[in-house]
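Undergrad: Sequence first, predicted coordinates after that:
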Amino acid sequence: MAQLVETPATTPPRIGKQGDPCVMVIFGAAGDLTGRKLIPALYNLARAGLLSREFAVVGVARAKMSDEDFKKKVHEDVKEFCDDCTEDDLWEWFQRRFYYFAGDFNDDKLYPQLKDYLAKVDQDHSTHQNFFYYLATAPSFFGPIVEKLSTCGLMEQGNGQNSSHWRRVIIEKPFGHDLESAKSLNQQLLKVADETQVYRIDHYLGKETVQNILAFRFANGIFEPVWNRRYIDHVQISVAETVGVEGRGSYFDHAGSLRDMVPNHIMQLISLTAMEPPISFDANAVRDEQAKILHAIQPMSDEEVLSRTIRGQYGEGTAEGKRVPAYRAEEDVPADSRTETFVAMKLLIDNWRWADVPFYLRTGKRMPVRNTHIVIQFRRAPFVLFRDTPVEHLMPNQLVLHIQPEEGISLQFAAKVPGPVMRLGTVDMNFEYQEYFGKQPSTGYERLLHDCMIGDQTLFQRADMVEAGWSVVSPILDIWKALPPRNFPNYASGTWGPKEADELLERDGRRWRNFEK
């Protein structure tokens, strides 16, 4: 291996701190996540000038492959999943940093051999012995891989002035399948690694709008004063997907929508929306406030689980203009499956800011549109002024944070319709990231990988946050397991879920905000 520290000729002016010198070790390098997300994200970081000149990637997987084969695969992935990848000089610089190491993750002999291999890569690329490991593997490998890395010294960090180096590990979801398994995995990891070395990734936090929640709330003086129970009536968080299980029937049927989405993605959105102002943007200061919110979510009794949670499973129907099968007819799904593909619930937060303000959540597959959004609905203005006018009712104001597919923010308010009579119309003020700031090449992983390279854990979950999220859903899992559903499938593909989800809000005099795109 030749020593390579040159700078790509086409690197643009850098905005932000460049990543530390390091080697990224991808376990599961032959998989879909690596090709579709991780490699394109690294290339986008290189284009932005945020990768160190002293950087390399070592892919680890069971498939037999040479370095050249791996580089060809990387090139194909970049061409397919990156926008406007025509920068030849940058590509030459980028692809020379990729290496491949074949092996079985369960084989103890793999890790000492990998250690020797990483020492050579580190020497050739001057990466200062800084390694981070991305576990793009099945969850069953998370604990064992970290333990084996530790056994052969690959998790040890240098402390001396002349030997300072770091070791970090990024762990994908699902982080456990219930509260007990999450606690067990945390214990397994923290026996051989420090909490500061463990980066529990949630790709939702790589989205600009999610990150912007903090900036929106705390950098604008007009919103934070009304961000409380005095002015806000309720909050809705919706994560709608048009796809079914997409060939993942075997995995999904053991997980279900509740496990797959609520303890991680949705709990992160709740905590960022509801948290108190942190004392700074230091990682632990932010995560301390997030954790307080998760611990303040009111636990449900058995009776409340039955009255405040809804589950559904899609039947056949029409999605995106095509006829699609029912969930039970999908590949690798049992014909009598009781697994939910839709979840809705009402949560309450027991603190001063949010007392008596319900948070309504829903997530589902085979919905009419792919759309993730947070709706902040404010209390209605008093009707007194309009009593003797043709105005029959006042619509509440809504602030909507659009997270995907289009990232932006909209504010809905009332305005007088032109004419001699007092009539009100509802109008929207819209802000779209792409229209205002231009389109940025992104897979959603760029910020998260870069943060790991610079040691910023703000957007990664801490052990207590993971366990707090699971503690919210554990009572629901227990009741649903004890009382199997009797009416599955209970919503047609291409609809907004079972009617019981609408009734959940209607009982409180409210309704879901649905979007057509």
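TA: Yes, it's here. Keep in mind the model is a prediction, meaning the values are calculated, not measured.
Undergrad: Give me the most central residue, the protein.
TA: Nearest residue to the geometric centre of the chain (C-alpha atoms, centre = their mean): Tyr204, 2.2 Å.
Undergrad: Which of the three states applies to that residue?
TA: Under the three-state scheme (DSSP: H, G, I helix; E, B strand; the rest coil), the conformation of Tyr204 reads as helix.
Undergrad: Chain neighbours aside, what residue packs nearest to it?
TA: His265 (4.6 Å; C-beta to C-beta, 6 or more residues apart in numbering). C-beta here means a position set from N, CA and C on the backbone, and glycine is covered the same way.
Undergrad: And the pLDDT at the residue nearest to the centre of the chain?
TA: On pLDDT, Tyr204 comes in at 77.
Undergrad: and the helix or strand of the chain at the bottom of the mean pLDDT ranking, how far out from the chain's middle?
TA: Within the chain, confidence by mean pLDDT, DSSP states H and E is lowest for helix 433-437 among all helices and strands, at a mean of 74. Here helix 433-437 shows a centroid-to-chain-centroid distance of 22 Å under the convention C-alpha atoms, centre = their mean, to the nearest Å.
Undergrad: Please list the residues outside it that contact it.
TA: Under the criterion C-beta atoms under 8 Å, 6 or more residues apart in numbering, residues Glu208, Thr209, Glu406, Glu407, Gly408 lie in contact with helix 433-437.
Undergrad: which stretches of the stretch 301-450 of the chain form helices?
TA: Using DSSP state H, counting those that start in this stretch, the helices assigned to the stretch 301-450 of the chain run over residues 302-308, 433-437, 446-454.
Undergrad: nearest to Arg379, of these?
TA: helix 302-308 (21.7 Å; C-beta to C-beta).
Undergrad: Which other helices and strands does the closest one contact?
TA: With contacts taken as 3 or more C-beta pairs under 8 Å, 6 or more residues apart in numbering; DSSP states H and E, helix 302-308 sits against strand 342-347, helix 463-482.
Undergrad: pLDDT value on the nearest residue to Ile409 once chain neighbours are set aside, please?
TA: Nearest residue to Ile409, sequence neighbours excluded (C-beta to C-beta, 6+ apart): Phe431, at 4.8 Å. As predicted, Phe431 sits at a pLDDT of 85.
Undergrad: Same check on Trp93?
TA: Residue-level pLDDT assigned to Trp93 equals 88.
Undergrad: helix or strand right after whichever strand or helix holds it?
TA: Assessed by DSSP states H and E, Trp93 sits inside helix 88-95. Next in sequence after helix 88-95, counting helices and strands by DSSP H and E, comes strand 98-102.
Undergrad: Parallel or antiparallel, list what pairs with that next one.
TA: strand 55-61 (parallel) (DSSP bridges).
Undergrad: The strand it pairs with versus helix 88-95: what angle between them?
TA: Per axes from the mean of the first three to the mean of the last three C-alpha atoms, to 10 degrees, the angle that strand 55-61 makes with helix 88-95 is 60 degrees.
Undergrad: Can you list the low-confidence ranges for the stretch 351-500 of the chain?
TA: 381-394, 414-417, 421-425, 438-441 (pLDDT under 70).
Undergrad: per the record, what domains does the protein have?
TA: As assigned by automatic domain parsing, the chain contains the domains 22-204, 207-506.
Undergrad: Including distance to Phe515, could these go into TSV?
TA: Output for the domains of the chain, formatted as TSV (distance: least, C-beta to C-beta, whole Å):
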stretch	distance to Phe515
domain 22-204	18
domain 207-506	5
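Undergrad: Trp512 is nearest to which of those?
TA: Among those, the nearest to Trp512 by C-beta to C-beta is domain 207-506 (6.0 Å).
Undergrad: Give me the distance between that closest one and the centre of its chain.
TA: Distance, stretch centre to chain centre, for domain 207-506: 12 Å (C-alpha atoms, centre = their mean).
Undergrad: ok so, going back, which one of the helices of the stretch 301-450 of the chain is the most hemmed in?
TA: By mean neighbour count, with neighbours taken as mean count of other C-beta atoms under 10 Å, helix 446-454 ranks first of those at a mean of 21.
Undergrad: and that one, what other elements does it pack with?
TA: Helix 446-454 sits against helix 39-47, strand 167-171, with contacts defined as 3+ C-beta pairs under 8 Å, 6+ apart.
Undergrad: Which residues outside that helix are in contact with it?
TA: Here helix 446-454 has contacts from 16-17, 19-20, 22, 24, 38, 41-42, 44-45, 48, 50, 52, 132, 168, 170, 199, 201, 203, 205-206, 211, 457-460, using C-beta under 8 Å, 6+ apart.
Undergrad: Swap in 6 Å and give it another go.
TA: Helix 446-454 is contacted by residues 17, 19-20, 22, 41, 44-45, 50, 132, 168, 170, 199, 201, 206, 459 when judged by C-beta atoms under 6 Å, 6 or more residues apart in numbering.
Undergrad: Neighbour-wise, which one of the residues you listed leads?
TA: Within the contacts of helix 446-454, most neighbours by other C-beta atoms under 10 Å means Cys22, with 27 neighbours.
Undergrad: from the contacts of helix 446-454, which single one is nearest Phe141?
TA: Ile170 (13.3 Å).
Undergrad: Contact partners for that closest one?
TA: Taking C-beta under 6 Å, 6+ apart, one finds Tyr134, Tyr199, Ile201, Cys452 in contact with Ile170.
Undergrad: State the distance from Asn130 to Leu45.
TA: Using C-beta to C-beta, to the nearest Å, Asn130 is found at 16 Å from Leu45.
Undergrad: likewise Ala63?
TA: Taking C-beta to C-beta, one finds Ala63 at 25 Å from Leu45.
Undergrad: Show the backbone phi and psi for Pro21.
TA: Backbone dihedrals for Pro21, given as degrees, to the nearest 10, come out at phi -60, psi 130.
Undergrad: okay, now the closest residue in space to it that isn't next to it in sequence: neighbour count?
TA: In this structure, Pro21 finds its nearest non-sequential neighbour in Glu54, 3.5 Å apart by C-beta to C-beta, 6+ apart. Glu54 has 20 neighbours, counted by other C-beta under 10 Å.
Undergrad: While we're on Glu54, how confident is the model there?
TA: 95.
Undergrad: ok, it touching Cys22?
TA: No. At 7.8 Å, Glu54 does not count as touching Cys22 under the criterion of C-beta atoms under 6 Å.
Undergrad: what sits in contact with each of the two?
TA: Shared contacts of Glu54 and Cys22 (C-beta under 6 Å, 6+ apart): Thr127.
Undergrad: Is Tyr134 within a helix or a strand, and which one?
TA: strand 131-135.
Undergrad: Name every strand pairing with that strand and say which way it goes.
TA: Here, using DSSP bridges, strand 131-135 pairs with strand 22-27 (parallel), strand 167-171 (parallel).
Undergrad: Outside of the first one itself, list whatever touches it.
TA: If you take C-beta under 6 Å, 6+ apart as the criterion, strand 22-27 is touched by 34, 56-60, 121, 127, 130-137, 145, 453.
Undergrad: Quick check: buried residues in stretch 261-279?
TA: Buried residues in stretch 261-279, counted by 16 or more other C-beta atoms under 10 Å: 261-275, 278.
Undergrad: Equivalent analysis for stretch 251-263, please.
TA: Judged by neighbour count using 16+ other C-beta under 10 Å, the buried positions of stretch 251-263 are Phe252, Asp253, Ala255, Gly256, Ser257, Leu258, Arg259, Asp260, Met261, Val262, Pro263.
Undergrad: Okay, now the unreliable bits of the stretch 101-250 of the chain?
TA: Those would be 160-163, 209, if you go by pLDDT under 70 across the stretch 101-250 of the chain.
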